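**Q** Dropping a prediction and its sequence here:
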Amino acid sequence: MYYYEEMGLIKPVEVDRFTGYRYYSFDQLPRLNRILALKDLGFSLEQIAQMLDEGLPPAQIRGMLRMKQAEIREQVEEEQARRARVEARLRQIEQEDTMSIYDVIIKKIEPQTVASLRKVIPVPQDVGKMFDKMFTYLGQRGVKPAGPPSAIWHDPDYHEGDIDTEVVVPITDALPASNGIKTTQLPGVETMACAIHQGRYEGFSQAYAAIMGWIAANGYRVAGPIREIYLRGPGPTPTDPNTYITEIQVPVEKA
C-alpha cells in the first residue's frame, strides 16, 4: 500500500506518527477495489494512475482497454505457438527415441547489399565453380566481403540437375556489373526457419530432413528460396571439412 501512496493512487486518511501505520476509510474501498481490478487486468501502476484520473475521457479509457486486449491476445498466441513447438519436439523424441542434433529456430533476416551471380547449373557441386568466379571478380577489384558467402536455391522443388542457383557475397559498396555478376539487394525475410549444420556438405541431407520435419510438425510451409550461409568452409588455407559450419535458412509461413 505504501507504493500505491507513492504513485498517488490512494492516500491514507491518517498515519500513526509513532509506528507509521496507515489507516484507510471504508469510503476508500471502491477506489482500492478498482485499483486491484485494473492490476488484475495486467495494467501497470503508472497506467492505473492515468486511468483513475477523473479528467480522462471514456474514449481514452476504452482505447487503453482495447490495447491491453490486443496485447493479451498476442501473448496467448505466442504461448500457444510455444506449446505447439514443445509438443512437436516431444513427438520427435518419442518417434526417434533420441534428441535431434539440429535445433530449428525462427528469426527475422534483414535485407543486405550483395554481389550476385545466378545461373542454372548441371549438378549442385558446380556451385563451387560459381564461387570461384565470384571471388576472382571481387579479388580483381580489391573488394573484401562484408560477411559470409551464401548459396540460394531458387527451384521450388528438389532437382538433381539443371538447378537454378545463385551465389551471393555481402559487400558494402556497389560494384559494376561484369560477366553475369551484379550488385543487388538480397531481400529480407520476416520468418526464417534456421538450423546449423556442422561438418561435411555431404551431411546436408540429414540437416534438411530435420528442418523440413520441424516445419511440417509446427504448422508451417516453405515460402521461398532456401539459403545456405557458409559460416566456415573452404578457403585459401586447407580446412578440415568436419569443422565446416553452415546455417541453412528456409523462408516459411503458416500453413
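**A** Noted; the coordinates are in hand. Please read all numbers here as calculations on a predicted model, not as lab measurements.
**Q** what bits of this protein have low per-residue confidence?
**A** Within the chain, the stretches with pLDDT under 70 are 1-3, 5-7, 54-55, 92, 95-99.
**Q** Mind telling me what element the spatially most central residue of it is part of?
**A** The centre of the chain sits closest to Lys107, judged by CA atoms, centre = their mean, with a distance of 1.9 Å. Taking DSSP states H and E as the criterion, Lys107 maps to strand 105-109.
**Q** Could you list every helix and strand that the following helix or strand past that strand packs against?
**A** Toward the C-terminus, strand 105-109 is succeeded by strand 112-121 as the next helix or strand (DSSP H and E). Judged by 3 or more CB pairs under 8 Å, 6 or more residues apart in numbering; DSSP states H and E, strand 112-121 is in contact with helix 127-140, strand 163-170, strand 181-186. To be clear about C-beta, it is placed using only N, CA and C from the backbone, and glycine gets the same treatment.
**Q** And the longest one, what's buried?
**A** For helix 127-140, burial by neighbour count (16 or more other CB atoms under 10 Å) applies to Val127, Met130, Phe131, Lys133, Met134, Phe135, Tyr137, Leu138.
**Q** Can you lay out the residues you listed as CSV showing distance to Val120?
**A** Listed next are the buried residues of helix 127-140 as CSV, based on distance: CB to CB, whole Å:
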residue, distance to Val120
Val127, 12
Met130, 11
Phe131, 16
Lys133, 15
Met134, 16
Phe135, 21
Tyr137, 19
Leu138, 22
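**Q** Looking at the residues you listed, which one is closest to Tyr208?
**A** Tyr208 lies nearest to Val127 out of the buried residues of helix 127-140, by CB to CB, at 15.4 Å.
**Q** Just to check, that closest one is in contact with Glu166?
**A** No. The pair Val127 / Glu166 is not scored as a contact, 9.4 Å apart, by CB atoms under 8 Å.
**Q** so can I have JSON lines of the helices and strands packed on strand 112-121 showing distance to Leu29?
**A** Putting these into JSON lines (distance: least, CB to CB, whole Å) gives the following:
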{"stretch": "helix 127-140", "distance to Leu29": "74"}
{"stretch": "strand 163-170", "distance to Leu29": "64"}
{"stretch": "strand 181-186", "distance to Leu29": "62"}
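**Q** Fine by me, thanks again.
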